[in-house]
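**Student:** Compute the structure for the input listed below.
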Amino acid sequence: MTADLAQVAGRGVVLLGCGKMGSALLEGWLAAGLPPSAAHVQEPHPSDAVADFSARGAQVNGPLPAAPAAVVLAVKPQMMAEALAPLAPLAGGETLFLSIAAGLKLAWFEAALGAETPIVRAMPNTPAAVGRGATALIANAAGARFMPLAEGLAGAVGETAPLETEAQMDAVTALSGSGPAYVFHMIEALAGAGVAEGLPEDLAMRLARATVCGAGELAWRSAETAEALRRAVTSPGGTTQAGLGPLMDPETGLPPLMRRTVAAAAARSRELGG
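**Tutor:** So this is what the prediction gives:
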């Protein structure tokens with residue numbers, strides 16, 4: 001267990017909301033060695049997963065510690081104001097408030113909890129459910145010294161990346177927040193292209209899934225850049241080079257398409273954030 005999680009073990013952590021992302025975080029903390037009794041889950045509609053956490057020793061909908069190390073806010077943005085109100089007495093001290101609610105800015109939480117409250121805003125993504133998430137974080141002034149704790153909590157389910165400014169969160173939302181959906185659609189498209197070339201649908205999908213997952217794992221483990229890995233697969237005059245021709249076309253290929261994709265998602269993120 002890391003020093004940050006050891007601090008959490010001693011003081012406890014409150015998890016407000018235990019849906020898919022909240023459950024993934026809690027599972028990551030427990031796997032990293034956090035004692036279940038140190039986790040205090042507040043969930044008005046407990047699922048089977050929450051019941052399982054309770055059976056393993058987590059505290060569900062019970063009394064809260066007087067000064068927990070952190071309160072992790074994992075409810076939907078539209079539910080945040082009502083759900084956060086009972087936890088307001090924990091604000092303004094040495095308790096970190098870590099939000100994973102999309103769209104709610106630091107200023108919103110400062111208005112609700114006070115500017116003196118340590119607050120970190122985080123944007124995780126769904127691969128956190130399998131321990132391979134990517135989470136970007138930004139703190140308010142009071143929360144800056146709590147960033148190691150925030151990274152320790154978020155890092156239990158994958159990579160973390162501190163941001164320089166909150167304005168970067170829109171780009172993060174568009175890139176890694178929404179990015180898994182782009183990859184899933186690429187699997188769909190790759191499988192569809194295989195079917196068009198004569199493969200049975202189930203075989204094409206199995207090969208597409210394995211190819212994307214395998215290439216991703218290779219990129220993750222390798223010290224080489226993505227460009228170097230691509231070049232290593234591409235023999236001059238071969239089939240891969242032929243396939244990369246339309247994919248890398250500067251006008252109609254994947255690079256301009258991805259720029260438009262991420263730009264559209266970032267613009268929508270800015271709209272939703274006001």
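
**Student:** thought D4 was touching L153?
**Tutor:** Yes - the pair D4 / L153 is scored as a contact, 7.2 Å apart, by CB atoms under 8 Å. All C-beta atoms are positioned from the backbone trio N, CA, C, and that covers glycine.

**Student:** In the longest helix along the chain, which residues are buried?
**Tutor:** Criterion DSSP state H: the longest helix present in the chain is helix 201-221. For helix 201-221, burial by neighbour count (16 or more other CB atoms under 10 Å) applies to 204-205, 208, 212.

**Student:** that older thread, specify which residue of D4 and L153 has the higher count of neighbours.
**Tutor:** A side-by-side neighbour count of D4 and L153, using other CB atoms under 10 Å, places L153 first with 31 against 20.

**Student:** The helix or strand containing that one - contacts with which helices or strands?
**Tutor:** Using DSSP states H and E, L153 sits in helix 147-154. For helix 147-154, the packing partners by 3 or more CB pairs under 8 Å, 6 or more residues apart in numbering; DSSP states H and E come out as helix 3-11, helix 20-31, strand 70-73, strand 96-99, strand 119-123, strand 133-139, strand 158-162.

**Student:** Could you report the distance from A112 to T173?
**Tutor:** Per CB to CB, to the nearest Å, A112 is found 21 Å from T173.

**Student:** ignore the last one, I100
**Tutor:** On the measure of CB to CB, I100 and T173 end up 12 Å apart.

**Student:** who touches both of the two?
**Tutor:** The contact sets of I100 and T173 overlap at M123 (CB atoms under 8 Å, 6 or more residues apart in numbering).

**Student:** Apart from its chain neighbours, what residue comes closest to G155?
**Tutor:** For G155, ignoring the flanking residues on the chain, the nearest one in space by CB to CB, 6 or more residues apart in numbering is T135 at 7.7 Å.

**Student:** Cross-check the contact I'm expecting between the one you found and A161.
**Tutor:** Yes - counting by CB under 8 Å, A161 is a contact partner of T135 at 7.1 Å.

**Student:** which of these two has more neighbours?
**Tutor:** Each of T135 and A161 has its neighbours counted (other CB under 10 Å); T135 has more, 26 against 14.
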